[in-house]
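[1] I would like the atomic coordinates for the input below:
(chains A and B, ligands or ions: 2)
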Amino acid sequence: MMEHTPKISLENVTYRYSIGTPFEKAALQNVTLGFEGGIITGLMGHTGSGKSTIAQLLNGLLRPTEGTVRIDGQDIWEDPKKIGAVRFRVGLVFQYPEYQLFEETVARDIAYGPHNMGLDDDEIRRRVEEAARFTGITPDIFEKSPFELSGGQKRRVAIAGVMAMDPEILVLDEPAAGLDPKGRAEILGGIRAYQREKKNTIIIISHSMEDMALYADKLMVLDHGRVSRYGDAHEVFSHAEELKSVGLSRPQITKFVMELARAGVPVNGGIYSVEDAYKEVLRVFAEKKKGAK
Amino acid sequence: MLRDITLGQYFPGNSVLHRLDPRMKIFLIVIYIVTIFTANTPVSFALVLASAFVLLFLSRIPAKLVLGGLKAVFIIMAFTAVINIFWTTGEELWLEAGPIKIYREGVEYAIFMIVRVVALIVGSSVLLTYTTSPIALTDGLERVLAPLKVLHVPVHEFSMMMTIALRFIPTLIEETDKIISAQKARGTDFTAGSLAQRARALIPIMVPLFVSAFHRADELAVAMECRCYRGGEGRTRMTRLHLHARDFVVLGAHIVLLAAVIALNIIF
Ligand SMILES: Nc1ncnc2c1ncn2[C@@H]1O[C@H](COP(=O)(O)OP(=O)(O)OP(=O)(O)O)[C@@H](O)[C@H]1O
Ligand SMILES: [Mg+2]
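    Ligands and ions are numbered 1, 2, ... in the order given. Here you go, the predicted structure:
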C-alpha cells in the first residue's frame, strides 16, 4: 500500500487490555500500518477504533500482545530495558493532556521532559522558548503556575512540554478537541509550522475531517483495526460512501460545495476549506459576470 | 496495570447471594466469622472450608477470579505456615533433623491457619464484596448502624462518605494510570536511581492526582448542593429494603452451620 518504507510501523499487532481478568478486551486485532517519515499524517477513525491504543503502542507505553512495532525497521521491544530511550524518540501528547501539569511554573513544566533527557540548562532554555513560540505561549505566563491558566492555555503548555523534547516522531492524540475554532487553528497551525521547520514525523489523531483536510499531508482512515483509506485529502474524501460506513463524514464545506454543483452552479469539487470555497464561489461569480457582458 | 486489581470489587450478577438483603448479609458475615473462629477440630474445619465453597458456587462468580484474589495474601499465608510448622512444639514428634523438630501440632496449626484464612477470604468476599454493590453495602450499613444515631453518631454522613469514596476508587485508579502513562511519556523513570530519586519521581504523579481529586470533590459538592442535598434529615429513599423468604433461608443455613461446627467440636 505504501510506496516508501515507513518511519514507524505496526506489524500484525494485536493488543488486549486486562489480560487474564474477566474484563479482557481486544482493542486491536492483527493491525498492520505504517507512517511515512517527514510529513504530518492524520489518523482518523470512529470512537473506540483503537486510535489511542495505537498512540501508546508507538512510543512503547504499551507492549503489543502480539506483533512488532518498528522505528526505521528496528523492533522497539528488541531490548525491553532500552524502551525508555524509545520514549525520547517518540513524543506522545495524550488526549486531554491538561491533567499532566504539575510544576510550580509554566516554564519549569515545559522543561520537565528535556530535563529528564539530561540536557544542559542553556539547551533546555532554548527548547522551552522554541516550544512556547510554536504553541502560542507568551513569555508573560512563563512564571505563572500552570494551575492558574485557562483550559486552552493548559493544553498549549502540555503540548509544548512534549514538543520541547524535540522527538523524531511526535504523536498527538486529539490535540484540538474541545477548543474554540480560533484555538484549534492556532494549535494545529503551530504544530504544522513546527513540523515544517523540523522536518520530523508527526501523527495527529483527530475526529475532525475539517482540521485534517487543512493541516495533514496524508490521511489514514481506520476501520475495525484495518486501514480502510490512505492518501491525501482529495483521495480520501472522494470515497464518501465508505467514509460514512466507518462513521466519519466529509467536511461540511465539501458537502456544501457538492450540493452547489448538484444544483447546477459550475463550481469545482474537491474543496476542503471555507477559504477555498470562498475563492471558488467568487471565481464562479466573476465568470458569470464576464459571460453576461 | 493498577486497574487489574480485583480483590474487593463488585462483580455484577443475579445469583441468590446477589439478591440477599444487604442488612442480612452484614449480619451473616458476623455469624460466618464467628463460625470460622469457633471451629477447632479437623472435621469442623473441613465443614467450614466446604461451606466457603458452597457460597462460592451459589454466587456464580468465576472461581478463578475469587481464588486469584488469594494470591495477594499467599505470601503471608506461606510465611505464617512455615513459622507454625517449625516453631510450634507439642507432644507428638514427627520428624527430627538436627536442630529442626517438627511436631504433629505444628503441622495441624499450619493447616488450620490456612483453612481459616482461605475460608475467611473466600466466604466474606463472596458473601459481601463481590455480590453486593457498593451502594447497597453502604445502604445496609447505614440501616444496621441506625440505632447509633441516638448517641449522636453521624451515621448517615459516614455512610454517604463511604459511598462516595467507594464510587471514586475506580475513577482514581483510572486517573492514576493515565497520569503515570503521561509522565512516563515525558521520561519519568520510576525504576532507576537512588531511593531519593525514585521518591522525587512520584511528585509528577501525586501533584496532578491531588489537584484533580480536590477539583472533583469540589465539583461533586456543588452538584450535590444544586440538587438540594442537606444531609440525612428527612431524606426518603428510592429503593427500600425488604426482607424476603430467601434471606431467612440463608440465615437458617448459617445458624445450622454454626450449630454443626459446635457439635462437631464437641463430638470429635
Ligand atoms: N485501559 C483500558 N482497559 C480496557 N479496555 C480499554 C482501555 N482503553 C481502551 N480500551 C478499549 O479499547 C478499545 C479502543 O480504545 P481506544 O481508546 O484506543 O479508542 P480510540 O479510537 O482512541 O477512541 P476515542 O476516539 O473515543 O478516543 C475500546 O473499545 C476501549 O473500550
Ligand atoms: Mg482516544
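
[2] how far away is the closest residue to ligand 2 within chain A from ligand 1?
    Residue of chain A nearest ligand 2, by CB to the ion: A:S52 (3.1 Å). All C-beta atoms are positioned from the backbone trio N, CA, C, and that covers glycine. Separation of A:S52 from ligand 1 (CB to the nearest ligand atom, to the nearest Å): 3 Å.

[3] for that residue, what are its contacts?
    Contacts for A:S52 (CB atoms under 8 Å, 6 or more residues apart in numbering or on different chains) come out as A:94-95, A:173, A:205.

[4] which of those residues lies closest to ligand 1?
    Nearest to ligand 1 among the contacts of A:S52 is A:Q95, at 5.8 Å by CB to the nearest ligand atom.

[5] what's near enough to touch the closest one?
    A:52, A:173-174, A:177, A:205.

[6] Quick one: neighbours of whichever residue of the stretch 101-250 of chain A sits closest to chain B, just the number.
    Of all residues in the stretch 101-250 of chain A, A:N116 sits closest to chain B, at 3.2 Å by CB to the nearest CB. Using other CB atoms under 10 Å in any protein chain shown, A:N116 is surrounded by 19 other residues.

[7] pretty sure it is in contact with B:K184, am I right?
    No - A:N116 is beyond contact range of B:K184, at 10.1 Å (criterion: CB atoms under 8 Å).

[8] Write out the residues of chain A neighbouring chain B.
    Residues of chain A found near chain B (CB under 8 Å from any CB of the partner chain) are A:18, A:20-22, A:56, A:59, A:61, A:84, A:87-88, A:91-92, A:94, A:97, A:99-102, A:112-113, A:116-117, A:147, A:161-162, A:165.

[9] I'd like to know which of those residues are buried.
    Using 16 or more other CB atoms under 10 Å in any protein chain shown as the burial test, the residues of chain A next to chain B include A:21, A:56, A:59, A:61, A:84, A:87-88, A:91-92, A:94, A:97, A:99-102, A:112-113, A:116-117, A:161-162, A:165 as buried.

[10] which residues does the most centrally placed residue in chain A contact?
    The centre of chain A sits closest to A:I204, judged by CA atoms, centre = their mean, with a distance of 0.7 Å. By CB under 8 Å, 6+ apart, the contact set of A:I204 is A:40-43, A:172, A:175, A:188, A:191, A:212, A:215-216.

[11] same thing with B:P134?
    Going by CB under 8 Å, 6+ apart, the list of residues near B:P134 reads B:10, B:163, B:166-167.

[12] For ligand 2, give me its nearest residue in chain B.
    Here chain B gets closest to ligand 2 at one residue, B:K178, 11.4 Å apart by CB to the ion.

[13] For that residue, give me the backbone phi and psi.
    Here is the backbone geometry of B:K178 (degrees, to the nearest 10): phi -60, psi -40.

[14] these two touch, right, it and A:F94?
    Yes - in this structure, B:K178 is within contact of A:F94 by CB under 8 Å, at 7.2 Å.

[15] quick one: buried residues of stretch B:12-27?
    Buried residues in stretch B:12-27, defined by neighbour count with 16+ other CB under 10 Å: B:15, B:17-18, B:20-27.

[16] Now those residues in a markdown table, please, with extra columns for distance to B:D189 and pLDDT.
    Below are the buried residues of stretch B:12-27 laid out as a markdown table (distance: CB to CB, whole Å; pLDDT from 0 to 100):
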| residue | distance to B:D189 | pLDDT |
| --- | --- | --- |
| B:S15 | 46 | 91 |
| B:L17 | 45 | 91 |
| B:H18 | 44 | 91 |
| B:L20 | 48 | 92 |
| B:D21 | 51 | 92 |
| B:P22 | 45 | 91 |
| B:R23 | 50 | 91 |
| B:M24 | 51 | 93 |
| B:K25 | 45 | 93 |
| B:I26 | 45 | 92 |
| B:F27 | 50 | 92 |
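
[17] Redo those residues as CSV? Include distance to ligand 1.
    Shown next, in CSV, are the buried residues of stretch B:12-27 (distance: CB to the nearest ligand atom, whole Å):
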residue, distance to ligand 1
B:S15, 25
B:L17, 27
B:H18, 24
B:L20, 30
B:D21, 33
B:P22, 29
B:R23, 34
B:M24, 35
B:K25, 30
B:I26, 32
B:F27, 37
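
[18] Just the ones in helices from those, please.
    Using DSSP state H, the subset of the buried residues of stretch B:12-27 located in helices is B:17-18, B:22-27.

[19] tell me the two of the residues you listed that are most distant?
    Pairwise distances across these (CB to CB) peak at 16.8 Å, for the pair B:H18 and B:F27.

[20] any weak-confidence spans in chain B?
    Scanning chain B for pLDDT under 70 picks out B:1-8.

[21] Would you pull up the residue in it closest to chain A?
    B:G187 (3.2 Å).

[22] thinking that residue is in contact with A:L119, fair?
    No - contact criterion CB under 8 Å: B:G187 and A:L119 do not qualify, at 10.8 Å.

[23] picking up where we left off before, of all the ones in helices among the buried residues of stretch B:12-27, which comes closest to B:E174?
    Closest to B:E174 out of these is B:H18 (24.8 Å), distances taken as CB to CB.

[24] shouldn't the closest one be in contact with B:L127?
    No - B:H18 is beyond contact range of B:L127, at 10.7 Å (criterion: CB under 8 Å).

[25] Between these two, which contacts overlap?
    Here B:H18 and B:L127 have B:S59 as joint contacts, going by CB under 8 Å, 6+ apart.

[26] Tell me where the stretch 1-150 of chain B has helices.
    Remark: helices assigned in the stretch 1-150 of chain B by DSSP state H, counting those that start in this stretch are B:16-19, B:22-38, B:42-59, B:63-87, B:104-124, B:134-145.

[27] Quick one: these as a markdown table, columns for distance to B:L257 too.
    Shown next, in a markdown table, are these (distance: least, CB to CB, whole Å):
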| stretch | distance to B:L257 |
| --- | --- |
| helix B:16-19 | 15 |
| helix B:22-38 | 6 |
| helix B:42-59 | 6 |
| helix B:63-87 | 19 |
| helix B:104-124 | 10 |
| helix B:134-145 | 21 |
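
[28] what does the lowest-mean-pLDDT helix or strand in chain A contact?
    Lowest by mean pLDDT, DSSP states H and E among the helices and strands of chain A is helix A:240-245, with a mean of 76. Residues outside helix A:240-245 that contact it (CB under 8 Å, 6+ apart): A:221, A:223, A:228-229, A:236-237, A:249-250.

[29] Then stretch B:216-226?
    Stretch B:216-226 has contacts (CB under 8 Å, 6+ apart) with B:164, B:168, B:171.

[30] Give me the nearest residue to the first one, chain neighbours excluded.
    So that's B:I164. Nearest residue to B:I164, sequence neighbours excluded (CB to CB, 6 or more residues apart in numbering or on different chains): B:L220, at 7.1 Å.

[31] how about the residues of chain A near ligand 2?
    Within chain A, the positions adjacent to ligand 2 are A:52, A:95 by CB under 5 Å from the ion.

[32] let's go with 8 Å and repeat that
    With the criterion set to CB under 8 Å from the ion, chain A comes near ligand 2 through A:47, A:51-53, A:55, A:95, A:173-174, A:205.

[33] okay, now A:A26: neighbour count?
    Residues lying near A:A26 (other CB under 10 Å) number 14.

[34] Which strand or helix spans the residue nearest to A:G73 when sequence neighbours are not counted?
    Leaving out its chain neighbours, the residue that sits closest to A:G73 by CB to CB, 6+ apart is A:T5, at 7.0 Å. Counting by DSSP states H and E, no helix or strand carries A:T5.

[35] which ones among the buried ones among the residues of chain A next to chain B are found in strands?
    Under the assignment DSSP state E, those contribute A:91-92 to strands.

[36] Which ones among the buried ones among the residues of chain A next to chain B lie within helices?
    The helices, defined by DSSP H, take in A:56, A:84, A:87-88, A:112-113, A:116, A:161-162 from those.

[37] Minimum pLDDT in the residues you listed, which residue is that?
    Lowest pLDDT among these: A:G84, with 88.

[38] mind checking how far the closest residue to ligand 1 within the stretch 151-268 of chain B is from A:Y17?
    Distances between the stretch 151-268 of chain B and ligand 1 by CB to the nearest ligand atom are smallest at B:D177, namely 6.9 Å. As judged by CB to CB, to the nearest Å, B:D177 and A:Y17 stand 11 Å apart.
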